[in-house]
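Enquirer: Predicted model, plus sequence, below.
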Amino acid sequence: MEIKEKKEISPNDRWAVDEFNGMPYRPLGDSGLRVANVGIGTWKFGYPEKGDGARVDEKTAHRIFDRAIEVGATFWDTANRYNNASGNSERVIGTWMRLNPDQRRNVILATKIFAPMDGISPNHGRLSRLNIIESVHACIERLQVDYIDLLYFHLFDSTTPAEESLSAIEDLVKEDAIRYFAISNFTVDQIKLYQSLESHFSIRVRVLAVQNKFDIISLEDDQKPGVLHYCAQSGVSFVAWSPLLKGLLTDKYQDLTGVGPGDRLYDEGTLNSALERYDLPRIKKLADLSKEWGISLNQLVIAYMLSRPGMGPIIASVSSVDQLESNAYGGRITFSKEEILKIEEILTEK
C-alpha cells in the first residue's frame with residue numbers, strides 16, 4: 001500500500017502538476033479537466049433550522065469547505081433540487097464562494113438540473129431549452145459564481161428531443177455559463193443516444209461523466225446495469241453516488257452500540273432495514289482487512305474504487321471535518337495488485 005505524500009511545489013518548479021495539497025487528481029473523461037480523487041457530496045448541506053431537511057448547517061459546511069481546500073478535496077457536487085427543492089445546498093456553497101473569491105479556480109463546482117425548481121408550472125422541470133437555460137442561470141445566482149464548471153442532467157428526459165437539450169448546452173457553453181457537461185442516472189442506451197448526437201455539435205458538447213448509483217456491496221442500480229463497464233470502454237468517467245452505502249461502508253456502523261441520534265440511518269429510521277438488506281458479514285470482513293492494514297473501512301473502499309477501470313472521482317457525503325479528512329486520506333492510497341486481489345476475494349466469495 002502506497003500513500004501519496006504531500007509535497008510543496010513552487011509554480012516555477014514544474015510545467016504541470018497532478019496533485020493539489022497532497023491530493024492526486026485524475027482526468028474527467030477524455031477532457032483536459034483534472035478533478036480531485038476525492039471531493040464532497042453536499043446533498044445534505046443547507047439550513048436545517050429552516051426545515052429544509054438538511055443535516056449540515058452553513059457554519060459547519062463552511063468549516064468543511066475550508067478544510068477541503070487544505071486537503072485538496074476540491075471537487076464539490078451539488079444539485080439545484082437538494083433539500084426539498086429549496087436550492088439551499090447551492091446557497092451554502094454560494095455564501096462560501098462569496099467569502100472566498102480567491103479560491104474559485106481551485107474548486108471544481110458540479111451541479112445538476114432536471115426536476116421542478118423555482119416554480120411549479122410544467123415548464124419548470126424536465127430538459128426543455130427553456131428550463132435548462134433558466135435553471136442554469138438560477139444555479140449560478142445561488143452559487144454566487146460567474147460560471148458552473150460541470151453541469152449534469154440529473155435524469156434522462158424521454159419527453160424532450162435530445163437534440164433540443166444538447167443545443168441548449170451548446171449555447172450555455174458559448175456564453176460561458178457552463179464549462180463542461182455530464183449526465184446522471186442514465187442507462188447505457190441513453191448514454192449512447194447522447195453520444196450519437198455529439199457530432200452534430202461542437203466538441204464542447206460531450207458527455208464527460210455519468211453519475212449513477214454504485215457501491216462495492218450492492219453495486220449498480222438494477223435498472224441501469226453495465227454503465228461502469230461501458231464507461232471504462234468509452235473513456236467516460238463514472239462518478240458514483242452513495243459510494244459508502246449510506247455510511248454502512250464506514251467504521252461508524254461496525255459497532256452498533258455507538259449508533260444513535262445524529263447518525264444518518266438512525267435519524268432516518270432506516271437502520272434496521274439497511275442491516276437486513278445488505279451483506280453485513282462481507283462488510284465485516286472488509287472492515288477487518290482495513291484494520292489489518294492500519295486504515296479505516298471508508299479509506300479502503302475509496303482507494304479500491306479509485307483503482308477500478310472507468311472510475312472517476314469519489315464524492316461521498318460528509319457531515320463533519322473529521323469525515324472529510326478521513327475520506328481525503330483514502331484518495332491518497334494506492335493498493336498493490338496483491339492487496340486488490342485480497343479485497344476482491346472478499347467481494348466475490350460465495
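Expert: Received, thanks. Numbering: from 1, shown residues only.

Enquirer: Leu244 - how many residues pack around it?
Expert: Residue neighbour count, defined by other Cβ atoms under 10 Å, stands at 25 for Leu244. C-beta coordinates here come from the backbone N, C-alpha and C atoms, glycine included.

Enquirer: Could you do Glu268 as well?
Expert: By other Cβ under 10 Å, 12 other residues sit near Glu268.

Enquirer: need the contact list for the most centrally placed residue in the chain.
Expert: What sits nearest the mean C-alpha location of the chain, by Cα atoms, centre = their mean, is Ile315, with 3.4 Å. Contact analysis of Ile315 by Cβ atoms under 8 Å, 6 or more residues apart in numbering lists Val38, Gly39, Ile40, Gly41, Phe75, Asp77, Val239, Ala240, Trp241, Pro243.

Enquirer: Quick one, grab the pLDDT at the residue nearest to the first one when sequence neighbours are not counted.
Expert: Spelled out, it's Val38. Counting by Cβ to Cβ, 6 or more residues apart in numbering, Gly331 is the residue found nearest to Val38 once chain neighbours are left out, at 3.4 Å. For Gly331, the pLDDT comes out at 98.

Enquirer: May I have the lowest-mean-pLDDT helix or strand in the chain exported as PDB, CA atoms only?
Expert: Across the helices and strands of the chain, mean pLDDT, DSSP states H and E gives its lowest value to helix 264-268, namely a mean of 79. Only the C-alpha atoms of helix 264-268 are listed here, as PDB (Å, rounded to 0.1, in the frame of the first residue of the first chain):
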ATOM      1  CA  ARG A 264     -28.000   9.200   9.400                       C
ATOM      2  CA  LEU A 265     -29.600   5.800   9.300                       C
ATOM      3  CA  TYR A 266     -30.800   6.100  12.900                       C
ATOM      4  CA  ASP A 267     -32.300   9.500  12.300                       C
ATOM      5  CA  GLU A 268     -34.000   8.400   9.100                       C
END
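
Enquirer: who's in contact with it?
Expert: Arg55, Lys246, Gly247, Leu248, Tyr253, Val259, Gly260, Pro261, Leu271, Ala274, Ser319.

Enquirer: Export the residues you listed to CSV and append columns for neighbour count and secondary structure.
Expert: Converted to CSV, the contacts of helix 264-268 look like this (neighbours: other Cβ atoms under 10 Å; DSSP: H, G, I helix; E, B strand; the rest coil):
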residue, neighbour count, secondary structure
Arg55, 17, coil
Lys246, 17, helix
Gly247, 22, helix
Leu248, 24, coil
Tyr253, 25, helix
Val259, 16, coil
Gly260, 10, coil
Pro261, 6, coil
Leu271, 20, helix
Ala274, 17, helix
Ser319, 19, coil
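
Enquirer: Need the residues you listed in JSON lines (columns: pLDDT).
Expert: Below are the contacts of helix 264-268 laid out as JSON lines (pLDDT from 0 to 100):
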{"residue": "Arg55", "pLDDT": "95"}
{"residue": "Lys246", "pLDDT": "91"}
{"residue": "Gly247", "pLDDT": "93"}
{"residue": "Leu248", "pLDDT": "95"}
{"residue": "Tyr253", "pLDDT": "88"}
{"residue": "Val259", "pLDDT": "81"}
{"residue": "Gly260", "pLDDT": "78"}
{"residue": "Pro261", "pLDDT": "79"}
{"residue": "Leu271", "pLDDT": "81"}
{"residue": "Ala274", "pLDDT": "83"}
{"residue": "Ser319", "pLDDT": "95"}
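
Enquirer: Nearest to Ala287 among those?
Expert: Nearest to Ala287 among those, counting by Cβ to Cβ, is Tyr253 at 9.4 Å.
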